[in-house]
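*Asks:* next come a sequence and a model predicted from it.
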Amino acid sequence: MKVAIVAGSKSDEEIMNAAREVLDEFGVTHKEFIASAHRSPNLTKEVAQIIEDEFDVAIVIAGLSAALPGVIAAYTNKPVLGVPVASDLMGLDALFSIAQMPRGIPVATFGIGKKGAKNAALFAIRILSLKNPTLLERLKDKARSEEEELRKLNDM
Ligand SMILES: Nc1c(C(=O)O)ncn1[C@@H]1O[C@H](COP(=O)(O)O)[C@@H](O)[C@H]1O
């Protein structure tokens with residue numbers, strides 16, 4: 001039950017942290033990697049091979065032209081959850097780049113930045129919960145307690 005979090009640069013650290021916090025909350029084992037398909041293609045290939053061999057799912061975070069999620073998905077059959085990072089074009093560049101994958105190389109695309117990273121982590125947990133009833137219960141508990149908070153706010 002392991003999730004890889006990969007980012008294209010150390011400058012994406014804040015977004016990585018957002019994903020990590022959610023995984024920690026659910027007690028999911030994870031490991032972080034920094035690799036760039038553009039700047040370190042050999043390292044990226046090695047990281048993808050490690051994901052293929054040792055991980056269940058990968059959250060891949062990238063800004064600008066954001067080739068990284070697609071390149072990782074080319075080297076592994078494990079599910080790749082892509083998270084765009086905002087920069088000069090508000091992250092639309094990365095969003096379109098990650099969403100517009102050529103046929104045959106699927107990457108699930110999430111929202112831009114920290115919210116997207118948190119949802120990607122929750123999605124990774126949903127994937128893992130298919131084979132892990134304890135994790136599924138934790139997801140249900142979280143949903144229940146969030147609804148409970150809203151009931152209190154509404155005095156209901
Ligand atoms: N999208 C990619 C890739 C890649 O896709 O290979 N490599 C770096 N980057 C992105 O470049 C942005 C700026 O990086 P720097 O701050 O290191 O210049 C980061 O958001 C990173 O994800």
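*Replies:* That came through fine. Numbering: from 1, shown residues only.
*Asks:* and the strand or helix carrying residue 135, what does it pack against?
*Replies:* Per DSSP states H and E, residue 135 falls inside helix 133-153. Other helices and strands packing on helix 133-153, by 3 or more C-beta pairs under 8 Å, 6 or more residues apart in numbering; DSSP states H and E, are helix 113-129. In short, each C-beta sits where N, CA and C put it, glycine included.
*Asks:* is the ligand contacted by the helix it packs on?
*Replies:* No. Applying C-beta under 6 Å from any ligand atom, one finds helix 113-129 out of contact with the ligand, separated by at least 10.5 Å.
*Asks:* quick one: average pLDDT of stretch 142-155?
*Replies:* Across stretch 142-155, pLDDT averages out at 96.
*Asks:* centre of the chain to that stretch, how far?
*Replies:* 27 Å (C-alpha atoms, centre = their mean, to the nearest Å).
*Asks:* do stretch 149-156 as well
*Replies:* The answer for stretch 149-156 is 31 Å, by C-alpha atoms, centre = their mean.
*Asks:* then stretch 70-89?
*Replies:* 8 Å.
*Asks:* again with stretch 122-132
*Replies:* The answer for stretch 122-132 is 12 Å, by C-alpha atoms, centre = their mean.
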